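> what's the 3D shape of this:
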Amino acid sequence: MPKKGKSSLEDRLHRIEGQIRGVESMVEGESDLSKVIVQLQAVISALESVKLEIVKRKIKTSVEDQVLGALELLK
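You can find the predicted model right below:
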């Protein structure tokens, strides 16, 4: 089961950073264009995934804060 929290996102971002370094090496080494494009698409997909996770977390904490605030008002 994947880790939750900040470290999980940090781990994912570090993996993406490694993927980007790999793409850089492929470009410098003049790798086959189709292989570079596949790797770039993988990086884009990974970044989209991280973006969605950050948005989901922000929405969740915002809703939780609003619910807790409303509950405090009811006391």
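
> what about the helix or strand where residue 41 lies, distance to the chain center?
Assigned by DSSP states H and E, residue 41 belongs to helix 33-74. How far helix 33-74 lies from its chain's middle: 7 Å, per CA atoms, centre = their mean, to the nearest Å.

> what's it packed up against?
helix 6-28 (3 or more CB pairs under 8 Å, 6 or more residues apart in numbering; DSSP states H and E). C-beta: built from backbone N, CA, C; applies to glycine.

> list the buried residues in the helix it packs on.
Buried residues in helix 6-28, counted by 16 or more other CB atoms under 10 Å: 12, 16, 19, 23, 26.

> from the residues you listed, which is closest to residue 64?
When the buried residues of helix 6-28 are compared for distance to residue 64 (CB to CB), residue 12 wins out at 22.8 Å.

> what residue is smack in the middle of the protein?
Geometric centre of the chain, nearest residue: residue 50, 1.5 Å, by CA atoms, centre = their mean.

> show the model's pLDDT score for that one.
Note on residue 50: pLDDT of 97.
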